[in-house]
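[1] With the input below, show me the fold.
(chains A and B)
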Amino acid sequence: MKHPRKGVLRAYHDGELPDPARRRTSAHLAECRKCRRCLEGIVRDARLCTSALGSLGPGALPELAPRQRSPGTLRPTGAPFGWMAWLLRPLPVPAPVPLAVIAILLGTLIFPFGRTGPPGGRGTAAGRITSPARFRVGSTERVGFLKLPEGRYRPVREPEVFEVPGGIAGPPAPDIRPRTGRRSDE
Amino acid sequence: MGLNPVKGIRAVDFDATFRAHRGVVYRYLFRLSGSRTVAEDLTQECFLRFWEGVLGRRSLRNPRAWLLRVATNLHRDRIRRTRAWPREVLLPAPEPESPGVAPDQALLEKERARLARSALSSLRERDRVILLLRFTGLSYSEIAEATGLRRSSVGRLLERAARRFAEAYRSREEASR
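    Prediction:
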């Protein structure tokens, strides 16, 4: 008879083989010493896995109260891609250093060497201010479950958005709605 | 026995599922990630997904397999995301107090856990997931459902994962002596 594969022997050990295959494997194991030795190895590995993984137990089950997501889940709203994350990564030098470099580069663009004043025309590099939304640090959620007094659970998912303190975000847009009814001066 | 006004289903179903499976999901995620904080976060997210997406459905054969599948995917997404945006610093988890355990026994357990963690992290992701799902108590059919594999492949992959884990564990044990 053909030797059963290791996967079949593992399923045999786990009691996951259907009856006909199980009977066939049992009959083969009774005759084949090599397969018995193979099964012993599988049993040894399975026992080691069970005892070693059992030592990784987390202990007591915590009460899962709603909590702020960990900072690792934060992502800048304007940076959905990997390259943007690379650009926005924390720098190994103090913040004034890259700011000074950027200021010098912008200065040379606006006031190039050999010219006495800024280039004319509209729409210079400094004039294009990007959307304030880009300067948000990120958004997060308060997620989880509230345990109600009667022992039931209610899900919570509350979004929150953080912005850079003192950033360039302007005042909120006025609430403009279409007028209804007749104008008072008519 | 209140009704969920959004989906028109009984809230008690969710509570029963939550109580029955949150321990399984949490322990699985703890062993997969090695962090209590991450395990708690992902467990919450997992059950939120269950609340939002599954409760309306009528035919969910095996909620445990579904939850563990979502947990595995959430953990994979988290790894991918933190690689792209590594902002999190994991603090060491507080040591669980175990009264009545001798100090040398506790030290031995700690060493075993360290070796197991190291051996587990040396495995490929699929091997790790299969091994932990089986250790969680899932049958081959449930593992196949949770991982998207064929049922007939589970035995072979499980045997290979267990062998690799045992080899890694034994080699680390030898090295630490």
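[2] make it CA atoms for all contacts and neighbour counts henceforth
    OK.
[3] and A:F145, what helix or strand is that in?
    Secondary structure from DSSP states H and E places A:F145 in strand A:136-147.
[4] now for the lengthiest helix in chain A, which elements pack on it?
    Longest helix of chain A, by residue count under DSSP state H: helix A:33-54. Applying 3 or more C-alpha pairs under 8 Å, 6 or more residues apart in numbering or on different chains; DSSP states H and E, we find helix A:33-54 packed against helix A:6-14, helix A:19-31, helix B:103-121, helix B:151-176.
[5] Dump that helix to CSV, keeping only the CA atoms.
    Provided in CSV are the C-alpha atoms of helix A:33-54 (Å, rounded to 0.1, in the frame of the first residue of the first chain):
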residue,chain,number,x,y,z
ARG,A,33,7.0,0.9,11.0
LYS,A,34,8.3,3.9,9.0
CYS,A,35,4.8,5.6,9.1
ARG,A,36,4.5,4.9,12.8
ARG,A,37,7.8,6.6,13.4
CYS,A,38,6.6,9.5,11.2
LEU,A,39,3.4,9.8,13.2
GLU,A,40,5.4,9.8,16.5
GLY,A,41,7.3,12.8,15.2
ILE,A,42,4.1,14.6,14.3
VAL,A,43,2.6,13.9,17.7
ARG,A,44,5.8,15.2,19.4
ASP,A,45,5.7,18.4,17.4
ALA,A,46,2.0,18.9,18.1
ARG,A,47,2.6,18.4,21.8
LEU,A,48,5.4,20.9,21.8
CYS,A,49,3.3,23.4,19.9
THR,A,50,0.4,23.0,22.4
SER,A,51,2.6,23.4,25.5
ALA,A,52,4.7,26.3,24.0
LEU,A,53,1.8,28.2,22.7
GLY,A,54,0.0,27.7,26.0
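[6] Could you give the number of residues near B:P63?
    B:P63 has 14 neighbouring residues, counting by other C-alpha atoms under 10 Å in any protein chain shown.
[7] typo on my end, it should be B:F165
    A count of nearby residues for B:F165, using other C-alpha under 10 Å, gives 27.
[8] my guess is B:R117 contacts A:L56, does it?
    Yes - between B:R117 and A:L56 there is a contact at 7.3 Å, judged by C-alpha atoms under 8 Å.
[9] hmm, back to that, just the buried residues of the longest helix of chain A, please?
    Using 16 or more other C-alpha atoms under 10 Å in any protein chain shown as the test for burial, helix A:33-54 gives A:35-36, A:38-39, A:42-43, A:45-46, A:48-50, A:52-54.
[10] With stretch B:133-141 instead?
    B:L133, B:R134, B:F135, B:T136, B:L138, B:S139, B:Y140.
[11] So which of those residues are in helices?
    B:L133, B:R134, B:F135, B:T136, B:Y140.
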